[in-house]
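> Build me a structure from this.
(one chain, ligands or ions: 2)
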Amino acid sequence: MYDEAICAIATAYGVGSISIIRCSGENVLSLVNKVFKGRDLTKVKPNTIHYGYIHENGEVLDEVLVSVFHGPKSFTGENSCEINCHGGIYNTNRVLEALLSHGFRLAQPGEFSKRAFLNGRIDLTQAESIMDIISSSNELALKASVNSLRKNTTKLIESMREKLLSLIASIEVNIDYPEYDDAIVMTEEIILPAIIELKAEMNNVLEHSKIAVMAVHGVKTAIVGRPNVGKSSLLNMMLDEEKAIVTDIAGTTRDVIEGSLTLGNVTLNLIDTAGIRHTTDEVERIGIERSKKALEKAELVLLVLDGSKPLENDDYELLELTKNKNRIIVVNKSDLKQNLSLDEKYLTISAKNKFGLKELESELLKITKINNFNVSDNNYLSNTRHIAKVKEALSSLESAIFACNNHYDVDMIEIDIKNAWNLLGDIIGQNSSDLLLDELFSKFCLGK
Ligand SMILES: Nc1nc2c(ncn2[C@@H]2O[C@H](COP(=O)(O)OP(=O)(O)OP(=O)(O)O)[C@@H](O)[C@H]2O)c(=O)[nH]1
Ligand SMILES: [Mg+2]
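Residues are numbered from 1 along each chain as shown. Ligands and ions are numbered 1, 2, ... in the order given. As a prediction, the model looks like this:
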């Protein structure tokens with residue numbers, strides 16, 4: 001039952017100027033009335049705000065403003081209200097407890113948004129974009145999330161679904177009236193070209209999505225190199241804090257150390273790793289395994305070399321290992337006499353003296369291509385769940401193409417097309433299962 005009265009503190013936990021308690025459900029106004037001293041909230045007009053006190057057992061708990069909304073014209077689609085308390089932790093909790101002892105239950109994380117979805121106020125992509133807005137850490141991430149909130153993701157998916165639906169419709173006509181069209185002519189001349197075109201469109205969306213994901217969620221950037229070249233010093237320089245331990249002992253970093261940094265429109269999720277070399281030390285060996293895993297997952301690699309020394313075997317191995325990656329070669333220790341020679345393009349820095357950071361930053365912006373990402377093009381997805389669904393739909397279309405090419409019965413082809421149509425429907429929340437909804441909304445904040 002989703003019109004049960006729920007409430008939760010919607011503002012961040014801590015002392016501030018105001019705290020807001022959100023309430024939603026069929027009978028919320030009469031329930032809040034039980035603890036509210038002021039106008040009768042069941043009689044006031046919707047979309048109005050009312051001054052008063054929250055009290056319990058004759059004791060005034062707080063002075064508040066209550067905004068009142070009537071379903072279906074509210075965020076959740078149900079009757080709802082928001083109680084603006086003074087922004088202290090203790091008083092807000094007392095008001096919350098008073099509500100809980102007068103017929104409310106505490107909302108689960110994301111439950112308000114889930115109700116908004118179930119009541120048709122927002123679709124699934126909009127609900128997800130609300131969370132993406134909250135976690136945005138740069139301008140592009142925010143713009144892409146707002147773009148999705150404004151239903152642009154939905155429009156993109158719906159336009160693909162419409163094309164699939166029109167194919168399904170022509171197949172259905174053919175099945176119902178077999179004499180209507182020649183089946184082989186139909187698969188070869190109508191269905192196959194349409195599927196091939198749609199497949200190309202989906203591939204194009206997936207290609208643009210790679211940059212969009214990096215823009216929205218940050219670029220997984222691994223700092224790798226053999227021991228002692230200055231990887232941890234570079235991490236500290238970039239983060240402008242002494243996050244990782246730096247010593248002159250080779251093999252100092254044993255585990256991966258993470259930090260996040262935003263440069264203009266690019267957020268880098270940096271990982272400093274254990275120096276990669278051949279070793280017999282068990283702990284160091286495990287650290288090196290982790291470095292290699294981080295390297296595999298990385299979308300961008302900063303390969304650090306020590307400019308004061310000639311290249312060693314471990315450096316050559318790393319140059320080879322990272323050659324197909326999006327990488328920047330960073331030659332460190334430029335303050336010392338240089339003894340390194342390398343044919344490839346590289347940047348020179350001194351992590352110790354914080355020299356070369358600006359050049360490194362501008363190279364990072366260039367190599368990630370994020371600055372070319374145009375949010376309003378609307379030819380991308382930035383949510384990983386959506387991308388996974390499009391990939392599944394794409395493989396369904398591939399199997400439909402195979403079926404066409406091998407002259408399968410048209411109703412066999414229809415199964416694949418319908419499957420793709422359903423998979424795209426999962427993105428916007430058509431026929432979504434309870435399991436998916438529970439999983440998705442549980443990641444939301446409490447009170448959202
Ligand atoms: N002269 C000079 N020394 C540096 C520079 N950057 C780092 N170092 C020194 O090099 C040594 C190793 O630095 P780290 O940052 O710990 O190197 P690392 O690559 O993280 O080493 P591992 O964690 O052992 O793999 C330390 O003594 C640093 O002070 C630099 O730009 N110039
Ligand atoms: Mg280190």
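> In stretch 368-386, which residues have enough neighbours to count as buried?
368, 370, 373, 375, 380-383, 386 (16 or more other C-beta atoms under 10 Å). Backbone N, C-alpha and C define where each C-beta goes, glycine included.
> average pLDDT across that stretch?
For stretch 368-386, mean pLDDT rounds to 88.
> mind checking the end-to-end distance for that stretch?
22 Å (C-alpha to C-alpha, to the nearest Å).
> and it, how far from the chain's centre?
Taking C-alpha atoms, centre = their mean, to the nearest Å, the mean C-alpha location of stretch 368-386 is offset from the chain mean by 12 Å.
> Give me the residues contacting that stretch.
Contacts to stretch 368-386, defined as C-beta atoms under 8 Å, 6 or more residues apart in numbering, come from residues 125, 128-129, 132, 140, 143-145, 147-148, 152-153, 155-157, 204-205, 208-209, 211-217, 219, 264-266, 299-300, 326, 365, 387, 390, 427, 440.
> Now intersect these with the helices, please.
Those of those mapping onto helices are 125, 128-129, 132, 140, 143-145, 147-148, 152-153, 155-157, 204-205, 208-209, 211-217, 365, 387, 390, 427, 440, per DSSP state H.
> any idea how far Glu398 is from Ser308?
53 Å (C-beta to C-beta, to the nearest Å).
> And Met412, by the same measure?
Separation of Met412 from Ser308 (C-beta to C-beta) stands at 67 Å.
> And for Glu111?
Using C-beta to C-beta, we find Glu111 at a distance of 59 Å from Ser308.
> Those two: which is more packed in?
Glu111 (24 against 16; other C-beta atoms under 10 Å).
> Number of residues surrounding the closest residue to the more buried one other than its chain neighbours?
Distances taken as C-beta to C-beta, 6 or more residues apart in numbering put Ile6 closest to Glu111, at 5.9 Å, once the chain neighbours are dropped. For Ile6, the neighbour count with other C-beta under 10 Å is 24.
> Which residue, other than its chain neighbours, is closest to whatever residue of the stretch 51-200 of the chain ends up closest to ligand 2?
Residue nearest to ligand 2 within the stretch 51-200 of the chain (C-beta to the ion): Ser137, separated by 25.3 Å. Leaving out its chain neighbours, the residue that sits closest to Ser137 by C-beta to C-beta, 6+ apart is Thr267, at 4.9 Å.
> Give the burial count for the one you found, as a bare number.
Neighbour tally, Thr267, other C-beta under 10 Å: 23.
> gap between it and ligand 2?
Distance, Thr267 to ligand 2, by C-beta to the ion, to the nearest Å: 22 Å.
> I'd say that residue and Glu139 touch.
No: judged on C-beta atoms under 8 Å, Thr267 makes no contact with Glu139 at a distance of 10.4 Å.
> Hmm, Asn431 is touching Trp421, no?
No: between Asn431 and Trp421 there is no contact under C-beta under 8 Å: 10.6 Å.
> Could you check which of the two has the larger neighbour count?
Taking other C-beta under 10 Å, Asn431 and Trp421 do not tie; Trp421 has more neighbours (20 against 8).
> quick one: the strands in the stretch 51-200 of the chain?
59-69, 80-86, 105-106 (DSSP state E, counting those that start in this stretch).
> same deal with the stretch 201-350 of the chain?
Remark: strands assigned in the stretch 201-350 of the chain by DSSP E, counting those that start in this stretch are 219-224, 257-263, 266-272, 300-306, 327-332, 347-348.
> I'd like those written out as TSV, with mean pLDDT added.
Listed next are the strands of the stretch 201-350 of the chain as TSV, based on pLDDT from 0 to 100:
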stretch	mean pLDDT
strand 219-224	94
strand 257-263	89
strand 266-272	91
strand 300-306	96
strand 327-332	96
strand 347-348	96
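> of these, which approaches ligand 1 most closely?
Relative to ligand 1, the nearest member of these by C-beta to the nearest ligand atom is strand 327-332, separated by 5.0 Å.
> How about residues contacting that closest one?
Residues outside strand 327-332 that contact it (C-beta under 8 Å, 6+ apart) are 229-230, 233-234, 300-307, 319, 340, 342, 344-351, 360, 363-364, 367.
> Also near ligand 1: which of those residues, exactly?
Taking C-beta under 6 Å from any ligand atom as the test, ligand 1 is in contact with 229-230, 233, 350-351 out of those.
> give me the residue from the stretch 151-300 of the chain nearest ligand 1.
Closest residue of the stretch 151-300 of the chain to ligand 1, C-beta to the nearest ligand atom: Gly275 (2.6 Å).
> hang on, isn't that residue packed against Gly230?
No: the criterion here is C-beta under 8 Å, and Gly275 misses it with Gly230 at 9.9 Å.
> ok, Met186 - contacts?
Counting by C-beta under 8 Å, 6+ apart, Met186 makes contact with 170-171, 174, 410.
> Kindly recompute the last result at 10 Å.
By C-beta atoms under 10 Å, 6 or more residues apart in numbering, the contact set of Met186 is 170-171, 173-174, 180, 192, 404, 410, 413.
> ditto for Gly287
Counting by C-beta under 10 Å, 6+ apart, Gly287 makes contact with 251, 253-256, 273-276, 279, 281.
> switch the cut-off to 6 Å
Residues near Gly287 by C-beta atoms under 6 Å, 6 or more residues apart in numbering: 254-255, 274.
> ok so, going back, deepest-packed of the strands of the stretch 51-200 of the chain, please.
Among the strands of the stretch 51-200 of the chain, strand 80-86 has the highest mean neighbour count (mean count of other C-beta atoms under 10 Å), at a mean of 22.
> Which positions in the stretch 251-400 of the chain make contact with ligand 2?
For the stretch 251-400 of the chain, the residues in contact with ligand 2 (C-beta under 5 Å from the ion) are 252-253.
> which residues of the stretch 251-400 of the chain fall in helices?
Secondary structure of the stretch 251-400 of the chain, counting by DSSP state H, counting those that start in this stretch: helices at 282-297, 313-321, 357-368, 384-405.
> Compare the ones you listed and give me the one nearest Leu198.
With C-beta to C-beta as the criterion, Leu198 lies closest to helix 384-405 of the helices of the stretch 251-400 of the chain, at 6.4 Å.
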